[in-house]
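1. Everything below, folded, please.
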Amino acid sequence: MAIDTERLTVAVPGAGRGRHRSGFLRLAFAILWSYYEKRNTRRDLLDLTDDQLRDIGVTRREAHAEVSKSWFWS
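-> Okay, the predicted model is just below:
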């Protein structure tokens, strides 16, 4: 599942101060959710067989390197 964080930053006409805060929280949640999804997708690489990894053009070593990346910074 992909989250479009740019769409969440669009200003809503007539939005008051309270809406601005909820927009910020929505954006923060969307960003954290995308990091969570990225981490889970990387972990899914470990469940793939060597044949499946070969099908997507990734070696077992590359899969382990991808999983070991920081969930936040990479």
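2. Which helix or strand lies directly C-terminal to the host helix or strand of Gln52?
-> Per DSSP states H and E, Gln52 falls inside helix 50-55. Using DSSP H and E, the helix or strand that directly follows helix 50-55 along the chain is helix 60-67.
3. For that next one, which outside residues touch it?
-> 42-43, 45-46, 48, 50, 53, 58 (Cβ atoms under 8 Å, 6 or more residues apart in numbering). Any C-beta I mention is one placed from the backbone N, CA and C, and that applies to glycine too.
4. Likewise for stretch 41-57?
-> Contact partners of stretch 41-57, identified using Cβ under 8 Å, 6+ apart, comprise 58-60, 63-64, 66-67, 69, 71.
5. Buried residues of it, list them for me.
-> Neighbour counts using 16 or more other Cβ atoms under 10 Å place 42, 45, 53 of stretch 41-57 among the buried residues.
6. Lowest pLDDT pick from the residues you listed?
-> The lowest pLDDT within the buried residues of stretch 41-57 belongs to Arg42, with 88.
7. Now do the SS call for that one.
-> In three-state terms, and counting by DSSP: H, G, I helix; E, B strand; the rest coil, Arg42 is helix.
8. And it, how far from Glu62?
-> 11 Å (Cβ to Cβ, to the nearest Å).
9. next one: Tyr35
-> 21 Å.
10. Could you do Ile56 as well?
-> According to Cβ to Cβ, Ile56 and Glu62 sit 10 Å apart.
11. Leu32 too?
-> Counting by Cβ to Cβ, the separation of Leu32 from Glu62 is 26 Å.
12. Please apply the same query to Leu27.
-> 32 Å.
13. Please apply the same query to Phe29.
-> Applying Cβ to Cβ, the value for Phe29 to Glu62 is 31 Å.
14. And Gly23, by the same measure?
-> Gly23 is 38 Å from Glu62, where distance means Cβ to Cβ.
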